[in-house]
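**Student:** Give the three-dimensional model of this entry:
(2 chains)
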Number of protein chains: 2
Amino acid sequence: MQIGVDSFVAAPVDRVSAVDPARHLSELLEAITLADEVGLDVFGIGEHHRREFLDSAPTVILAAAAVRTRRIRLTSAVTVLSAADPVRVFQEFATLDLLSNGRAELVVGRGSFIEAFPLFGFELEDYDSLFAEKLDLLLKIRENVHVHWSGKHRAALTGQGSTRARSRTRCRFGSVSGGTPSSFTRAGVLGLPLMVAIIGGEPHRFRPLIDRYHLAALRAGHSPGQLKVGIHSLGYVAENGNGGR
Amino acid sequence: MQIGVDSFVAAPVDRVSAVDPARHLSELLEAITLADEVGLDVFGIGEHHRREFLDSAPTVILAAAAVRTRRIRLTSAVTVLSAADPVRVFQEFATLDLLSNGRAELVVGRGSFIEAFPLFGFELEDYDSLFAEKLDLLLKIRENVHVHWSGKHRAALTGQGSTRARSRTRCRFGSVSGGTPSSFTRAGVLGLPLMVAIIGGEPHRFRPLIDRYHLAALRAGHSPGQLKVGIHSLGYVAENGNGGR
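**Tutor:** The predicted structure is shown next:
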């Protein structure tokens, strides 16, 4: 088992607890550095476009963390792929992967908020097809230097090399709780590691969905060894014996 | 006068001189750290989407440099705004500005290569209107927390706050040599500092264009104090007395 921490860089907006954003990010980098030193496996940064979070450009934050750390993997949690351009996303993560000596990890999803859709000019009615299409393109870019691709939501690629920063960038399929069962099937069919974001509800309820993921993957011919499953959930960490606080 | 270095992170692609991309970026960070230590004013990273350069995601590289340096300003050289989304661009630079304690600088331009247009789905025939419109939006985002804007090349904004990472991000207007005289006029009318990229041709040829910039700015009511002019050009640096090598 591997264990890590995700942060959305929550920044309270009320006057009493408001913090200076620069100081907030500085303290976040200290936390990531500490997580690296004590041996956590991964640190994730979310992507939100809301005033209560400072994580609108997660790869910029992760790049700063890359040169302050040595072993910890650095991941998005999650990259809102539906509203992003897969070429830009791959360029950013490939560069992050180079800067971190192969520690970048990309978790793609549709996000649990929807503010990215109007902000970047996408329609909520395309919620499913945007994600399916962009994931398809992202995986093609990851596998091929020169990409030929066409779709409905983005300009076609006709053999361009999207970036010299080739890399071993890992890609996980992040599915949020409340996601439809078909998301779990799709992750399985694609043979991608799965990250389940349990925002509400009891973990055991997700077991049938994870079984569905495994079954779809095995039917599609993927080896059990690549079917890693992760869970993102709220938690509280305290010192031993300190009770509830 | 201020002096700095720009890098496009050129990475030779022939077999003899090919370098490992991760090592290349590591050496770049060493160079930026040294530039900071010896007191250079600014270090810039270009943006290209060609196999001979490793700068497809400049803000990711600049963020890594931000936490390795103390005083040097970190800039794009240039951000190819025509093919980018001004909201994403601002989010990235605002985050960089926070990570670097106010040392981020954004130089926007149309680029001297055109590979970004087909890669990101834009038409070369919109070369001028894309840049004018996106610069207009970028400046609105910089000045306002909640933006109302509509245009031809991007979805409208209807009061969204694009990022909590408000910042003092400086913005320069980067114009490349070969740019039309109207570019210099526009930079002046907007009162933006000007960066002239002299890729070919003798510097004195640009004097009339810079005069045009100053005249347009003063006519538009901008104060002379904000009319900084920078020149980006090829150079060769050697130790004193070492002659040609």
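**Student:** pLDDT-wise, which helix or strand of chain A ranks last?
**Tutor:** Within chain A, no helix or strand scores below strand A:170-176, which has a mean of 58 by mean pLDDT, DSSP states H and E.
**Student:** Show the subsequent helix or strand relative to that one.
**Tutor:** Sequence-wise, the next helix or strand downstream of strand A:170-176 (DSSP states H and E) is helix A:181-190.
**Student:** what packs against that following helix?
**Tutor:** Packed against helix A:181-190 by the contact rule (3 or more CB pairs under 8 Å, 6 or more residues apart in numbering or on different chains; DSSP states H and E) you find helix A:127-143, strand A:170-176, strand A:194-198, helix A:207-219. All C-beta spots, glycine's among them, are computed from the backbone N, C-alpha and C.
**Student:** Select, out of the ones you listed, the one closest to B:R219.
**Tutor:** Shortest distance between B:R219 and the helices and strands packed on helix A:181-190, using CB to CB, is found for helix A:127-143: 46.3 Å.
**Student:** does any part of stretch A:46-53 sit near chain B?
**Tutor:** Yes: under the criterion of CB under 8 Å from any CB of the partner chain, chain B is reached by stretch A:46-53 at A:49-53.
**Student:** mind listing the strands for chain A?
**Tutor:** Residue ranges of the strands in chain A, as given by DSSP state E, are A:4-7, A:42-45, A:73-76, A:79-80, A:104-109, A:146-149, A:157-161, A:170-176, A:194-198, A:229-233.
**Student:** got those as JSON lines, with distance to chain B and mean neighbour count columns?
**Tutor:** Converted to JSON lines, the strands of chain A look like this (distance: least, CB to the nearest CB, whole Å; neighbours: other CB atoms under 10 Å in any protein chain shown):
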{"stretch": "strand A:4-7", "distance to chain B": "14", "mean neighbour count": "18"}
{"stretch": "strand A:42-45", "distance to chain B": "10", "mean neighbour count": "24"}
{"stretch": "strand A:73-76", "distance to chain B": "11", "mean neighbour count": "25"}
{"stretch": "strand A:79-80", "distance to chain B": "12", "mean neighbour count": "26"}
{"stretch": "strand A:104-109", "distance to chain B": "10", "mean neighbour count": "26"}
{"stretch": "strand A:146-149", "distance to chain B": "10", "mean neighbour count": "16"}
{"stretch": "strand A:157-161", "distance to chain B": "5", "mean neighbour count": "17"}
{"stretch": "strand A:170-176", "distance to chain B": "16", "mean neighbour count": "23"}
{"stretch": "strand A:194-198", "distance to chain B": "22", "mean neighbour count": "22"}
{"stretch": "strand A:229-233", "distance to chain B": "22", "mean neighbour count": "16"}
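**Student:** Take those strands and write them to TSV, including distance to B:F131.
**Tutor:** Output for these, formatted as TSV (distance: least, CB to CB, whole Å):
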stretch	distance to B:F131
strand A:4-7	36
strand A:42-45	31
strand A:73-76	30
strand A:79-80	27
strand A:104-109	30
strand A:146-149	26
strand A:157-161	21
strand A:170-176	33
strand A:194-198	39
strand A:229-233	40
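**Student:** among the ones you listed, which is nearest B:E27?
**Tutor:** From the strands of chain A, taking CB to CB, the stretch that ends up closest is strand A:104-109, at 19.3 Å.
**Student:** right, and A:I198 touches A:G230 too?
**Tutor:** No: contact criterion CB atoms under 8 Å: A:I198 and A:G230 do not qualify, at 10.6 Å.
**Student:** so where's chain A uncertain?
**Tutor:** Regions of chain A meeting the criterion pLDDT under 70 cover residues A:15-17, A:161-179, A:242-245.
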